[in-house]
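Sequence and predicted structure below; questions after.
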Amino acid sequence: MHSAWLIPVLPLLGFLFNLLLGKRLGKKAVTAAGVGTVALSFVLACVLFLAMLHAPGHRLELSYGDWLDAGSFSVPLGFVIDPLSGLMMLVITGIGFLIHLYSVGYMGEDGGYARYFAYMNLFVFFMLTLVMGSSLPLMFVGWEGVGLCSYLLIGYDYAQADDVPATAGLKAFIYNRVGDLGVLMGMLALFAAFGTLTIGDILVKAGHFGPQVGFGLLTFATLMFFLGCTGKSAQLPLYLWLPDAMAGPTPVSALIHAATMVTSGIYLVVRMAPLFQMTPVTMTVIAWVGGLTALFAATIAIVQKDIKRVLAYSTVSQLGYMFLGLGAAGFAAGFFHVFTHAWFKALLFLGAGSVIHALHHEQNLMKMGGLWKKMPVTGWTMLIATACIIGFPGTSGFASKDEILYLAYLKSPVLYWMGVAGACCTAFYMLRLFTLAFLGEPRDAHAFEHAHESPVTMTAPLVVLAVGALGAVAFGWPVAFGGSFRIEAFLEPSVSYGATSAEAVVHHGGNPAMLAGISTVLALAFAWWGWSSYKGGLAVAEARAAKWPFLHRLLENKYFVDEGLAYALVAPLRWFGNLLWKLFDVIFIDGIGVNLPGALTRVAGDFTALFQTGRVRNYVLTMGLGALLLLYVFLK
Amino acid sequence: MADLLSGALQGYLAVALLLFVVGLATVLLRRTLLMQFMGVELMLNAANVALLAFARWRGGDVQATVFYLMIIAVAACEAAVGLALVIGLHRLRGTTDADRTASLKQ
């Protein structure tokens, strides 16, 4: 596979082209470079994926020499393609291509067209580096790079008067910095333990250790990695940036903040699966954080009015499910949910984008309604995605979510019930979203008048994603319902990297069919409730909000976490910053460090200027006296 | 040192010193640029006198004589340039008073 390096490099070339020449060469060239490079990458990724399937042990290791080489420490510049990174690669380039295509229609009238595609291409490059990199430092380059692109794209409308996008971008960046520190610490800890940062070497060496009891270096490392995951994948307590990230263009939300970047935390955990399996403490932490996030975010999504915010909290919640699955040792289950979620959540976002586009950038659900007739393609594809995400029997969401819930039950029944409660909320808010947007009577006659179905570059990706969302089920179907969880066998070479430690975890116990039945019946009941509450407009919901004003306010204001943080963390930091500014900066650095030497120099200059009389005879006299002095010194 | 300042050399060095001091005094005390310029020439020639005196004292060094001729030539050039400057200054300012041409002070 000599062309493998082209897969990430092509989008990078697209980025350079669009950045340097895009504005001059016009929209057609930008479209060709922006969408074309990702399409080519996708084709190459497919070829590489097939080559990987035929490789021994389902793993291709490609090395392009040494990147860093210092004494005993060396980092290779290389890629590893195995089922895990291969599947991620396909998702990134495949769904990435569809979203690029969709952007052609969505961003068509935007002035920053070239800049937009440049950033998007850069994102694809970094994301591919993240998943394909064979060593932790290379992965970290991608990890930081996608954070940068996320920042750039959230703040894409930076000139907007209220500064919302710029602030949101900054917020995302800063929250991610906290997490990135965790990844760095984890890397250093692993280097201290194993003396190498190549993922394969670490996992093979880790295989010689037994499971860690208590709290050791490995537990510290994995916990630090998980801290990084809570930042990048928006888990408690670092989830706050993701809902605000919706200030970016909708395709960006679909690609970065739903389908790919936010799942890189899950990817990291699955990549290091043998290490995480050896640290039961970390696994328990992951499961509980995931379960709590899944439920917590789902309750907030119930009352949000902005269509994209509902989906954002939904994403946080679904990411929580993925971590719940990982924490319950269901690496394949967690990753399967990444895969299915990538399809249906990208579809939901693009569908929402289609609605927003049709209504001239109206994002308020309360002003929508009755769009079903006007936008049939968007409506149908949204319905399919909704069915998937609420776990309607037979859909991909059902398969992946119920596998996670089953594994959660084996870990702890409490986790299972938290997951089920989250699933009920999911069903409720998704049906609420769908009913408010597409069914009932139009609540804003003016916006409804102008609504129209989106152009074909936008609807075509919707249809393809809908097919993918339904077809993803082919990768796994719960054993309890007569299927086989094929993705588990498929991912086995990745999850048991090095093949020494990770014994296949045998899942048994409980009654999987009954557990899935309970969660599905409850979710469907809540879905029906959500539909019936909103089918006749807002009256029922408003009555309910009036009945429990406290609860409604609590949810509507997202449990006041932002406000609490502002009070508990931001205010003291700001005070401290002010102190540093007024005391340290103004007095020490500006005063003693800069202005004092300046003033001294000025005084010295003024003094010596007294000798500068401008009279030649004075100078000659001084010179003569100087010569005499020299004579005296030398002839003494 | 004592050997240097005794005998035949002494007279020549005294003349050279006198010339030098007169030149220096002229530069320091006169304010007219032309006079100061002449003072500079005097100091230069004082050095020449000393040079030739030493050459003679060392036993008639021909190099010194050649060197002296060179200095005279250079001094002539320098005098031409200097006089041109003085005339230029006089045209510009209407004066050749050194103390009144102190605009570089600013």
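Now that the structure is in, tell me what you want to look at.

Would you mind finding the longest helix in the chain?
Using chain A. When chain A is parsed with DSSP state H, its longest helix is helix A:164-194.

Please refer instead to chain B.
Looking across chain B with DSSP H, the single longest helix is helix B:62-93.

tell me which strands and helices it is in contact with?
Helix B:62-93 sits against helix B:33-57, with contacts defined as 3 or more Cβ pairs under 8 Å, 6 or more residues apart in numbering or on different chains; DSSP states H and E. For every residue, glycine as well, the C-beta is placed using N, CA and C.

Show residues contacting the helix it packs on.
A:616-617, B:8-9, B:12-13, B:15-20, B:22-27, B:30, B:61, B:63-65, B:67-68, B:71-72, B:75, B:79, B:82-83, B:86, B:89, B:96-98, B:101 (Cβ atoms under 8 Å, 6 or more residues apart in numbering or on different chains).

got the angle for that helix vs helix B:62-93?
Put simply, helix B:33-57 runs at 180 degrees to helix B:62-93, going by axes from the mean of the first three to the mean of the last three Cα atoms, to 10 degrees.

In helix B:33-57, which residues are buried?
B:33, B:36-46, B:48-55 (16 or more other Cβ atoms under 10 Å in any protein chain shown).

Count the residues that sit near A:E488.
22 (other Cβ atoms under 10 Å in any protein chain shown).

Nearest spatial neighbour of it, chain-adjacent residues omitted?
Nearest residue to A:E488, sequence neighbours excluded (Cβ to Cβ, 6 or more residues apart in numbering or on different chains): A:A332, at 3.8 Å.

Just confirm that neighbour is within a helix.
Yes - using DSSP: H, G, I helix; E, B strand; the rest coil, the assignment for A:A332 is a helix.

so it makes contact with A:I487?
Yes - counting by Cβ atoms under 8 Å, A:A332 touches A:I487, with 5.3 Å between them.

who touches both of these two?
A:G476.

Spell out which parts of chain A neighbour chain B.
Residues of chain A lying close to chain B (Cβ under 8 Å from any Cβ of the partner chain) are A:612-617, A:620-621, A:624.

re earlier: quick check: angle from the helix or strand just after the longest helix of chain A to helix A:164-194?
Using DSSP states H and E, the next helix or strand after helix A:164-194 towards the C-terminus is helix A:199-206. Here the directions of helix A:199-206 and helix A:164-194 differ by 50 degrees (the same axes, to 10 degrees).

Please save the CA atoms from helix A:199-206 in PDB.
In PDB, the C-alpha atoms belonging to helix A:199-206 read as follows (Å, rounded to 0.1, in the frame of the first residue of the first chain):
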ATOM      1  CA  ILE A 199       0.900   2.100  20.800                       C
ATOM      2  CA  GLY A 200       1.700  -1.500  19.700                       C
ATOM      3  CA  ASP A 201       4.800  -1.700  21.900                       C
ATOM      4  CA  ILE A 202       2.900  -0.400  24.900                       C
ATOM      5  CA  LEU A 203       0.100  -2.900  24.500                       C
ATOM      6  CA  VAL A 204       2.400  -5.800  24.000                       C
ATOM      7  CA  LYS A 205       4.500  -4.900  27.100                       C
ATOM      8  CA  ALA A 206       1.400  -4.300  29.100                       C
END
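
tell me what that helix is packed against?
Helix A:199-206 packs on helix A:136-154, helix A:164-194, helix A:273-277, going by 3+ Cβ pairs under 8 Å, 6+ apart.

Can you list phi and psi of the residue in the stretch 151-300 of chain A that chain B sits nearest to for me?
As assessed by Cβ to the nearest Cβ, chain B sits closest to A:A159 within the stretch 151-300 of chain A, at 48.9 Å. With angles defined as degrees, to the nearest 10, A:A159 sits at phi -80, psi -10.

returning to that earlier point: now a PyMOL select for only the buried ones of the contacts of helix B:33-57.
Burial among the contacts of helix B:33-57 is assessed by 16+ other Cβ under 10 Å; the matching PyMOL selection reads:
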select buried, (chain A and resi 616+617) or (chain B and resi 9+12+13+16+19+20+23+24+26+27+30+64+68+71+75+82+86+89+96+98+101)
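
that older thread, okay, A:A332 and A:I487: which has more neighbours?
For A:A332 versus A:I487, the count of surrounding residues by other Cβ under 10 Å is larger for A:A332: 30 against 24.

ok, so what distance separates the more buried one from chain B?
As judged by Cβ to the nearest Cβ, to the nearest Å, A:A332 and chain B stand 84 Å apart.

hey, what's A:F73 bridged with?
Counting by DSSP bridges, A:F73 is bridged to A:A70.

do the same with the one 5 residues further on
Using DSSP bridges, the beta-bridge partners of A:G78 come out as A:S63.

Confirm for me that it is in contact with A:S134.
Yes - counting by Cβ under 8 Å, A:G78 does reach A:S134; the two are 4.2 Å apart.

which residues are common contacts for those two?
A:61-63.

which of these has the most neighbours?
A:L62 leads the shared contacts of A:G78 and A:S134 on contacts (other Cβ under 10 Å) with 17 neighbours.

Which residues lie in contact with it in this structure?
Here A:L62 is in contact with A:1, A:4-5, A:78-81, A:134 (criterion: Cβ under 8 Å, 6+ apart).

any idea how far it lies from A:A51?
Using Cβ to Cβ, to the nearest Å, A:L62 is found at 10 Å from A:A51.

Looking at the residues of chain A next to chain B, which are in strands?
Judged by DSSP state E, the residues of chain A next to chain B include no members of strands.

pLDDT score assigned to residue 62?
Just so you know, I chose chain A. A:L62 carries a pLDDT score of 87 in this model.

wrong chain, I was asking about chain B
At B:V62, pLDDT is 87.

same deal with A:T500?
pLDDT recorded at A:T500 is 39.

ditto for A:F215
66.

Helix, strand, or coil at the nearest residue in space to A:A513 that is not next to it in sequence?
Ranked by Cβ to Cβ, 6+ apart and with sequence neighbours excluded, the top spatial neighbour of A:A513 is A:A480, at 4.4 Å. For A:A480, the assignment made with three-state DSSP gives helix.

quick one, what contacts A:A480?
A:406, A:512-513, A:516.

and the next element down the chain from the one helix or strand A:N578 maps to?
Following DSSP H and E, one finds A:N578 within helix A:571-579. Going down the chain from helix A:571-579, the next helix or strand is helix A:596-609, by DSSP H and E.

And the contacts of that next one?
Contacts of helix A:596-609 (Cβ under 8 Å, 6+ apart): none.

what residue lies at the spatial centre of chain A?
Against the mean C-alpha coordinate of chain A, by Cα atoms, centre = their mean, the closest residue is A:V262 at 2.3 Å.

Find the residue closest to that residue in space, skipping its chain neighbours.
In space, and not counting its chain neighbours, A:V262 is closest to A:S233: 5.1 Å by Cβ to Cβ, 6+ apart.

Phi and psi next, for the residue of chain A found nearest chain B.
Closest approach between chain A and chain B, counting by Cβ to the nearest Cβ: A:G614, at 3.0 Å. The phi/psi pair for A:G614 (degrees, to the nearest 10) reads phi 80, psi 0.

Could you report the separation of it from B:D99?
9 Å.

And for A:V495?
Computed as Cβ to Cβ, the A:V495 to B:D99 distance reads 95 Å.
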